[in-house]
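Visitor: model the following, please.
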Amino acid sequence: MQNGTRLAAVDLGSNSFRLEIGRYEFGHIQRVEYLKETVRQGNGLDEDRNLTREAMERGWACLARFGERLAGFPRAQVRAVATQTLREARNREEFLARGSEVLGYPIDVVSGPEEARLIYQGVARLLPQSDERRLVVDIGGRSTELILGQQFAAQAVASFRVGSVAWSQRYFPHGEFTAQTFMAAEIAAKAVLDEALETFRPDAWEVAYGSSGTAGAVGDILALAGGPAGLITREGLDWLRERLLRAQTAERLRMEGLKEDRRPVIGGGISVLRAVFDLLEIDRMQVAQGALRQGALYDLLDREQPGTDLRTTTVNGLMQRFDVDKAQAERVARTACALFSQAAPEGSERAARKLEWAAKLHEIGCRISHSDYHRHGAYILDNTDAAGFAVSELHRLGVLVQGQRGKVRKIEADLEDPVFALQLLSLRLAVALCHARRDPDTAGLALRREGPRFRIAARPGWAAAYPQSAHLLREEVQAWQKTPWELAVELP
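Guide: Here you go, the predicted structure:
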């Protein structure tokens, strides 16, 4: 990437939406602009876990403002990620469709572990180089992420459904502070976080860091009250809790450094933070400057180069975990990508990379079933935590894996996209051509797109030399019937 390139990250959190714009300079990203709006989408989930119309409208309005600021940014230089509220929302697709439109860029919903990985990247990139073993704690609106890491590598990640907005709604719904409600909130938080003890035990780390909203807000308040800058201590948390109890309500609470947007969720945030301190035996926590949005920016850099794209490493790990036949997977991937490149429009490098991943994982379901491995493979990809991947990216890989066999019309909703249709056809043809589990003879085999028609042709004599492959290609014509696409096969 060239020096001076601008990059942008949008963080759709449960409490606030944030926009970070940076400039790439000699391996680092320098902040150019930062915008934050308190949207409180986490408050907008009803009892059926649907986002209310009001919550969606607030989010869309904010994204429209962000979109105006981002006008002109190339798509490859913007990453928008959504977290726990949109992981939970049953009607998230409605919000994401309109939200992506007004923002002007696709919005990725990331899993809890992937959110944790991105948080660690953001924290680590803004810390001095060190071999210290780190614990990073990020208390968001509806989830809390814990990460163990060293230098730039996250070694253990976890996400728990406990956060400042959710706990404030549940235990301080009217903004009233009592010793009993604080005790109940902290006990409940410890119950959710209890399983973290085995991995994040005190001897597993040396320095604790607090990232993002709650930690930043508490750190600011304690510093303005006379404490060390950028440091949260047990004594400081005890003092802060007493101040809330003395005020009795959030409305009456007056403290230097407490911002208005933090006031309604301060009770829940402090409860969860105190629970983390007690459970993990933390005495001191440093406030980190980096957060999810910085991690998303640096992730954009890694995604630019196939050699540094974490998703490639993740795919290789999944192949190993599910005992995929590596030789066959790579054979199908080479064949599929070669066919795809013949008919793909310019600028399809990212689509080719995703096709390669799908091809390498096309037999991931074989350990479960040999007859329905394509369906099981799709299920695995839809329900696995895969570092570097957004939920939507895994789903799209799963659709390709499921679509490698059988009638194509079962996934017709995805076929409106010509590039996806070409990805799917290339994968299906590659699976057919590699049916004997050896390298196929593809010399003279040509794939073309002509409007709504794909055409594959072979050199004279190819069909006679490979009758089973020719038979499978002719059968593929039937599979594409009743879809928006037509397939023509010419085998002289």
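
Visitor: where in the protein is pLDDT low?
Guide: Applying pLDDT under 70 to the chain flags the ranges 412.

Visitor: show me what secondary structure element comes after the strand or helix carrying residue 315.
Guide: Residue 315 belongs to helix 310-321 when assigned by DSSP states H and E. Later in the chain than helix 310-321, the nearest helix or strand by DSSP H and E is helix 326-343.

Visitor: need the contact partners of stretch 245-256.
Guide: Stretch 245-256 is contacted from outside by 172, 174-179, 182, 221, 224-225, 243-244, 263-264, 266-267, using C-beta atoms under 8 Å, 6 or more residues apart in numbering. For glycine as for every other residue, the C-beta is placed from the backbone atoms N, C-alpha and C.

Visitor: how about that stretch: buried residues?
Guide: Neighbour-count burial for stretch 245-256 flags 247, 250, 253, 255 (criterion: 16 or more other C-beta atoms under 10 Å).

Visitor: one more: stretch 283-293?
Guide: Neighbour count says stretch 283-293 has 285-288, 290-293 buried, by 16+ other C-beta under 10 Å.

Visitor: what do you get for stretch 7-23?
Guide: 7-22.

Visitor: again with stretch 254-272
Guide: With the criterion 16+ other C-beta under 10 Å, stretch 254-272 contains buried residues 255, 258, 261-272.

Visitor: what is the nearest of those to residue 387?
Guide: residue 272 (25.2 Å; C-beta to C-beta).

Visitor: these two touch, right, the closest one and residue 162?
Guide: Yes - using C-beta atoms under 8 Å, residue 272 is in contact with residue 162, at 5.6 Å.

Visitor: between those two, which contacts overlap?
Guide: Common neighbours of residue 272 and residue 162 (C-beta under 8 Å, 6+ apart) are 144, 189.

Visitor: hang on, the earlier thing: among the buried residues of stretch 245-256, which are in strands?
Guide: Counting by DSSP state E, no part of these is found in strands.

Visitor: inside strands: which ones of the buried residues of stretch 7-23?
Guide: Using DSSP E, these in strands are 7-12, 16-22.

Visitor: can you map out the helices along the stretch 251-400 of the chain?
Guide: Under the criterion DSSP state H, counting those that start in this stretch, the stretch 251-400 of the chain carries helices at the ranges 266-280, 292-304, 310-321, 326-343, 349-360, 373-382, 391-402.

Visitor: most neighbours per residue, which of those?
Guide: Among those, the stretch with the highest mean neighbour count (mean count of other C-beta atoms under 10 Å) is helix 266-280, at a mean of 24.

Visitor: coming back round to it: closest to residue 73 among the ones in strands among the buried residues of stretch 7-23?
Guide: Of these, the one sitting nearest to residue 73 (C-beta to C-beta) turns out to be residue 8, at 5.7 Å.

Visitor: state the distance from the closest one to residue 66.
Guide: 9 Å (C-beta to C-beta, to the nearest Å).

Visitor: likewise residue 242?
Guide: 39 Å.

Visitor: what do you get for residue 244?
Guide: From residue 244 over to residue 66 the distance is 33 Å, taken as C-beta to C-beta.

Visitor: correct me if wrong: residue 219 contacts residue 212.
Guide: No - counting by C-beta under 8 Å, residue 219 sits too far from residue 212 to count as a contact (11.0 Å).

Visitor: who has more neighbours out of those two?
Guide: Neighbours were tallied for residue 219 and for residue 212 using other C-beta atoms under 10 Å; the higher tally belongs to residue 212 (28 against 23).

Visitor: residues in contact with the more buried one?
Guide: Residue 212 neighbours (C-beta under 8 Å, 6+ apart): 13, 119, 138-140, 291-292.

Visitor: which pair in these spans the largest distance?
Guide: 139 and 292, at 12.3 Å, using C-beta to C-beta across the contacts of residue 212.

Visitor: now the helices for the stretch 1-150 of the chain?
Guide: Using DSSP H, counting those that start in this stretch, helices in the stretch 1-150 of the chain cover 53-70, 84-88, 92-103, 112-125.

Visitor: next, format these as CSV and append mean neighbour count.
Guide: Output for the helices of the stretch 1-150 of the chain, formatted as CSV (neighbours: other C-beta atoms under 10 Å):
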stretch, mean neighbour count
helix 53-70, 18
helix 84-88, 25
helix 92-103, 18
helix 112-125, 26
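
Visitor: Throw those into CSV and include distance to residue 399, thanks.
Guide: Converted to CSV, the helices of the stretch 1-150 of the chain look like this (distance: least, C-beta to C-beta, whole Å):
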stretch, distance to residue 399
helix 53-70, 26
helix 84-88, 20
helix 92-103, 15
helix 112-125, 19
